[in-house]
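*Asks:* give me the fold of what follows.
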Amino acid sequence: MNVDKDLERIALQEQELQFDSFGLETGWKLGSLLRDMAVERKLGVVIDVTLFSMPVFYAALEGSTPDNPSWVRRKRNCVFRFFKSSYAIGLTLARQDSTLQAKFGLPDTEFAPHGGSFPIVVKGTACIGAVTVSGLPQREDHNMVVEALAAILGKDIGALKLDA
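*Replies:* Numbering: from 1, shown residues only. Here you go, the predicted structure:
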């Protein structure tokens, strides 16, 4: 894994995976797609789609743990604070040999700069929410979210996914 290449690709993902509009029905479809993917692959994950105004979708699948909801909340808090994917935040901090606590005074109990949460952006506006997966290694959490967003938006996942 090359951190600089990953950060470039994540920036591309964040630019390309934006919606023309996003409502509750779209949020439900996104969450349902992620759930279907997880069930088909037998993945024990928690899935969350939250707008700044309210929760839209939540599912905890067989094999997930009581820790996963906390990870979802903490990763989502990173997106809500920085308007970037939680994985990009974590990779940037690692490259800088820093932490959220050291750089911004943000406690680990509330923020987790680990892969799995991605901003929901409406073109021409801003980040309006986040879609989050927790339960897999962080890179896989991130990739699963990107795969679902690409499918919902009709984008080529091959051009967007992180290199293996």
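*Asks:* which strands and helices sit next to whichever strand in the chain runs longest?
*Replies:* Scanning the chain for the strand with the most residues, using DSSP state E, yields strand 127-134. Packing contacts for strand 127-134, counted by 3 or more Cβ pairs under 8 Å, 6 or more residues apart in numbering; DSSP states H and E, involve helix 24-41, strand 46-51, helix 68-82, strand 117-121, helix 138-153. For glycine as for every other residue, the C-beta is placed from the backbone atoms N, C-alpha and C.
*Asks:* nearest to A94, out of those?
*Replies:* helix 138-153 (11.2 Å; Cβ to Cβ).
*Asks:* gap between the residue of the chain positioned farthest from its centre and R35?
*Replies:* For the chain, the C-alpha farthest from the mean C-alpha position belongs to A102; by Cα atoms, centre = their mean, that distance is 23.0 Å. A102 sits 36 Å away from R35, going by Cβ to Cβ, to the nearest Å.
*Asks:* show me the contacts for the most centrally placed residue in the chain.
*Replies:* Against the mean C-alpha coordinate of the chain, by Cα atoms, centre = their mean, the closest residue is S117 at 2.0 Å. Contacts of S117 were listed using Cβ atoms under 8 Å, 6 or more residues apart in numbering, and they are 72, 75-76, 78-79, 85-86, 130-133, 145.
*Asks:* any of those buried? List them.
*Replies:* Judged by neighbour count, with 16 or more other Cβ atoms under 10 Å as the criterion, the buried members of the contacts of S117 are 72, 75-76, 78-79, 85-86, 130-133, 145.
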